[in-house]
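attaching a predicted model along with its sequence, questions to come.
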Amino acid sequence: MTRCFRGLVMAAAFAAGGLWAAEPAAAQEALHDSHFHYLNYNQDLGMPIATVRGVMTHGVQGDSRTDYSVTRSTLFGIPLQQRWDPSALLARDAGHGDGSFTWGAPSIPDDEPVYYLPTHSELYYYSGVDPLIAEAYCDDVEGLTARDGAPFWDPSITGFNPADVHGADHIVRMMTVYPGIFRAIGEFTIHKEAVATKIAGATPSFDNEALHEIIHVASRLGLVVILHSDMYSLLDEGPEDAAYYDETKLLLKDVGHYFKNYKTPGLLWAHTGIGRFAPKDRTIQLAHFDRLQRILDDPLYNHVGFDIAWDFVARFIRGNPAGWANLYDNANRGKRFVWGSDSLSPTNQQKYTDVIKDYDAIFRVPYTQAPARLMQRDNYAMIFDDPLRRYARGYFAHRTGATKWNCKRDTVVPPPSDDWFKGYDDLYPKEERQELLKAIEKDVDEVIGLYPRAVRAVQVK
Ligand SMILES: [Zn+2]
Ligand SMILES: [Zn+2]
């Protein structure tokens, strides 16, 4: 039942002199979307930015009769686009509605690749995505102060090659040219089924020093890192198989020291490592929860959190309610999960809100120790508003002195405030703060020294 229709029923109940028992009021829940692609594989939007915000804010009612409204969201594109080559071997939707493809003669514009699966053309990194995101962010003027004066959107830098140190250069440059706008990097991809093998040039890898450098720079500048890497390959069969688990764990451990100042997770492993070919066998699913548990319970990985974004992941979790509740319903583990839609440039309201409905059953499990609102919104706020991260981003904007960009600068680069520490007293005790902020300044200065070219990009004299 839509909200409006329910309103009419209630009004009718009153008109009839209260003969009908009034429906109990629906529960209201606010969500923060940690994983939203505003642009698709062709750098195209589904709906204009302010419309998307309206759709999110309006929200939807789940089967449990809970009204969900998205009150804050990340904002990013897709780093890759596919070479548009009409002469490449090409398949198109057969129109049977079952996802089957037929081979066809090439033509422009019908053959523009809109998703990475149907054609064989390679994918390449398109850095133009990030200025598009910054522009969209600033164009949504109401969005800049939609949350009691705070911005609705948390933009993220995606248009870099994680196997190239120029990626770090790009991140510093975007932070300089658009001061105060970006609060994260990613979602970027290391292992992803058909995508990884189609990328032009070097295939992303955890062994690559460039990747370490990119994570180093992002963490120093107060940016949350959103990493996609499948834990499983298509060839994995049994509960013991997880092709990329060990190497991902090793990477996560290796980069841990970059996050040492922060007491909130700074790296989100997207989809909990589940990919398109998520294991369907029950014992394998339980093994997955066990793998996550091993990371969550080891203090060496305190900087790592997980998003449960993507309808594949929602289905996976719903298939194992007991296993999931056992994993999540522990105060410390529950603090490490964030919800996300993984919606990809939705073209209408329903395309976005249907994903929320996929999670209704997961949110409504009666958790006893770690409330569902942690994953719904609180953890997101805790991570993105970590006062040290805010300080690093603001300090960088201040130090690089970029003034060309005029996007309500006072809103997007607010001066530091003691209020930022509200709610973080346990994590950052008062007596340690000055020292921590000094350490942050040192880290930011070091990055500025390493990437002078990127910082010079905005100097006019
Ligand atoms: Zn992903
Ligand atoms: Zn995604």
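Now that the structure is in, tell me what you want to look at. Ligands and ions are numbered 1, 2, ... in the order given.

which parts of the longest helix seen in the chain are buried?
If each helix of the chain is counted by residues according to DSSP state H, the longest one is helix 430-450. Neighbour counts over helix 430-450 (16 or more other C-beta atoms under 10 Å) mark 433, 436-437, 440-441, 443-444, 447-448, 450 as buried. For the C-beta atoms, the positions are set from N, CA and C on the backbone; glycine is no exception.

got a pLDDT number for the residue nearest to D297 when sequence neighbours are not counted?
Residue nearest to D297 in three dimensions, not counting chain neighbours: R333, with 7.6 Å by C-beta to C-beta, 6 or more residues apart in numbering. For R333, the model assigns a pLDDT of 93.

cool, T264 as well?
Listed pLDDT for T264 reads 98.

contacting residues around it?
Shown in contact with T264 (C-beta atoms under 8 Å, 6 or more residues apart in numbering): 382-383, 386, 427.

adding secondary structure and neighbour count, write these out as CSV.
Shown next, in CSV, are the contacts of T264 (DSSP: H, G, I helix; E, B strand; the rest coil; neighbours: other C-beta atoms under 10 Å):
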residue, secondary structure, neighbour count
M382, helix, 19
I383, helix, 25
D386, coil, 24
L427, coil, 15
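
what is the most widely separated pair among those residues?
Pairwise distances across the contacts of T264 peak at 11.5 Å for I383 and L427 (criterion: C-beta to C-beta).

give the pairing partners of the lengthiest strand in the chain; include direction for each.
Counting by DSSP state E, the longest strand found in the chain is strand 67-75. Paired strands of strand 67-75, with direction, are strand 28-33 (parallel), strand 60-61 (antiparallel), strand 153-157 (parallel) (DSSP bridges).

which residues make contact with the longest one from outside it?
Just to be clear, that refers to strand 28-33. Applying C-beta under 8 Å, 6+ apart, the external contacts of strand 28-33 come out as 56, 59, 66-74, 338-341, 343, 356, 363, 373, 376-377, 380-381.

wait, what's in contact with the closest residue to ligand 1 within the chain?
Residue nearest to ligand 1 within the chain (C-beta to the ion): H228, separated by 3.6 Å. Taking C-beta under 8 Å, 6+ apart, we find H228 in contact with 186-190, 192, 270-271.

before we move on, the earlier item: which strands or helices does the helix or strand hosting the residue nearest to D297 pack on?
Using DSSP states H and E, the element containing R333 is helix 331-334. Contact here means 3 or more C-beta pairs under 8 Å, 6 or more residues apart in numbering; DSSP states H and E; on that basis helix 331-334 packs against helix 282-296.

after the helix it packs on comes which helix or strand?
Under the assignment DSSP H and E, the closest C-terminal helix or strand after helix 282-296 is strand 304-307.

run me through the strand neighbours of that next one, direction for each.
Strand 304-307 is paired, per DSSP bridges, with strand 267-269 (parallel), strand 337-338 (parallel).

with just CA atoms, put stretch 185-199 into PDB.
Provided in PDB are the C-alpha atoms of stretch 185-199 (Å, rounded to 0.1, in the frame of the first residue of the first chain):
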ATOM      1  CA  ILE A 185      37.400   6.600  -3.400                       C
ATOM      2  CA  GLY A 186      35.700   3.800  -5.300                       C
ATOM      3  CA  GLU A 187      33.900   1.700  -5.900                       C
ATOM      4  CA  PHE A 188      36.900   0.500  -7.800                       C
ATOM      5  CA  THR A 189      37.500  -3.100  -8.700                       C
ATOM      6  CA  ILE A 190      40.300  -5.700  -8.400                       C
ATOM      7  CA  HIS A 191      38.700  -9.100  -9.100                       C
ATOM      8  CA  LYS A 192      35.400  -9.000 -10.800                       C
ATOM      9  CA  GLU A 193      34.300 -12.000 -13.000                       C
ATOM     10  CA  ALA A 194      34.000 -10.800 -16.600                       C
ATOM     11  CA  VAL A 195      35.200  -7.300 -15.900                       C
ATOM     12  CA  ALA A 196      38.800  -8.000 -14.800                       C
ATOM     13  CA  THR A 197      39.700  -9.800 -18.000                       C
ATOM     14  CA  LYS A 198      38.200  -7.200 -20.200                       C
ATOM     15  CA  ILE A 199      40.200  -4.200 -18.800                       C
END
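
next, the buried residues of it.
Result for stretch 185-199 [16+ other C-beta under 10 Å]: buried residues 185-193, 195-196, 198-199.

just the closest of the residues you listed to L250, please.
Ranked by distance to L250 (C-beta to C-beta), the buried residues of stretch 185-199 are led by I190 at 12.3 Å.
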